[in-house]
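Trainee: okay, here's the prediction I keep looking at, along with the sequence it came from:
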Amino acid sequence: MDIKLNRGMPGMPPIPTQLPTLLLLLGAASIGFGLLLLWNEWLLRWLVAGVFLVIGAVLALTGLRAKKMLG
């Protein structure tokens, strides 16, 4: 199998040029957010509570729409 390194494999789309920069920025932001959570424990509680509130709201809205669709 011949892989052309300059253009990637045949039939596969090339990797976007901004992808490494985007991944580095997301990684650095995740590390910074992790350090922030280490220093502020109360922030973790609020984030977990917020996630459960959002999931609950989405499930309730989905249930209401399903009930409305069924009659």
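Mentor: Cool, got the structure. Numbers count the residues shown, from 1 in each chain.
Trainee: quick one: pLDDT of residue 1?
Mentor: Confidence at residue 1, expressed as pLDDT, is 52.
Trainee: give me the distance from the helix or strand harbouring residue 48 to the chain's centre.
Mentor: In the assignment (DSSP states H and E), residue 48 maps to helix 41-70. In terms of Cα atoms, centre = their mean, to the nearest Å, the centre of helix 41-70 is found 17 Å from the chain centre.
Trainee: make residue 1 into 54 and carry on from there
Mentor: I'll keep to 54 as the first residue from here, and by that count the last item is helix 94-123.
Trainee: and it, what other elements does it pack with?
Mentor: In terms of contacts (3 or more Cβ pairs under 8 Å, 6 or more residues apart in numbering; DSSP states H and E), helix 94-123 is packed against helix 72-92. Heads up, the C-betas are built off the backbone N, CA and C, glycines and all.
Trainee: export the helix it packs on as PDB, just CAs?
Mentor: The C-alpha coordinates for helix 72-92 follow below in PDB (Å, rounded to 0.1, in the frame of the first residue of the first chain):
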ATOM      1  CA  LEU A  72      -6.900  21.300  13.500                       C
ATOM      2  CA  PRO A  73      -3.600  21.200  15.500                       C
ATOM      3  CA  THR A  74      -4.000  24.800  16.700                       C
ATOM      4  CA  LEU A  75      -7.600  24.100  17.700                       C
ATOM      5  CA  LEU A  76      -6.600  20.900  19.600                       C
ATOM      6  CA  LEU A  77      -3.800  22.800  21.400                       C
ATOM      7  CA  LEU A  78      -6.100  25.600  22.500                       C
ATOM      8  CA  LEU A  79      -8.700  23.200  23.700                       C
ATOM      9  CA  GLY A  80      -6.100  21.200  25.600                       C
ATOM     10  CA  ALA A  81      -4.700  24.300  27.200                       C
ATOM     11  CA  ALA A  82      -8.200  25.500  28.200                       C
ATOM     12  CA  SER A  83      -9.000  22.100  29.700                       C
ATOM     13  CA  ILE A  84      -5.800  22.100  31.700                       C
ATOM     14  CA  GLY A  85      -6.600  25.600  32.900                       C
ATOM     15  CA  PHE A  86     -10.100  24.700  33.800                       C
ATOM     16  CA  GLY A  87      -8.900  21.600  35.700                       C
ATOM     17  CA  LEU A  88      -6.500  23.800  37.700                       C
ATOM     18  CA  LEU A  89      -9.300  26.200  38.400                       C
ATOM     19  CA  LEU A  90     -11.400  23.300  39.700                       C
ATOM     20  CA  LEU A  91      -8.600  22.200  42.000                       C
ATOM     21  CA  TRP A  92      -8.400  25.600  43.600                       C
END
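Trainee: thanks a lot, see you next time.
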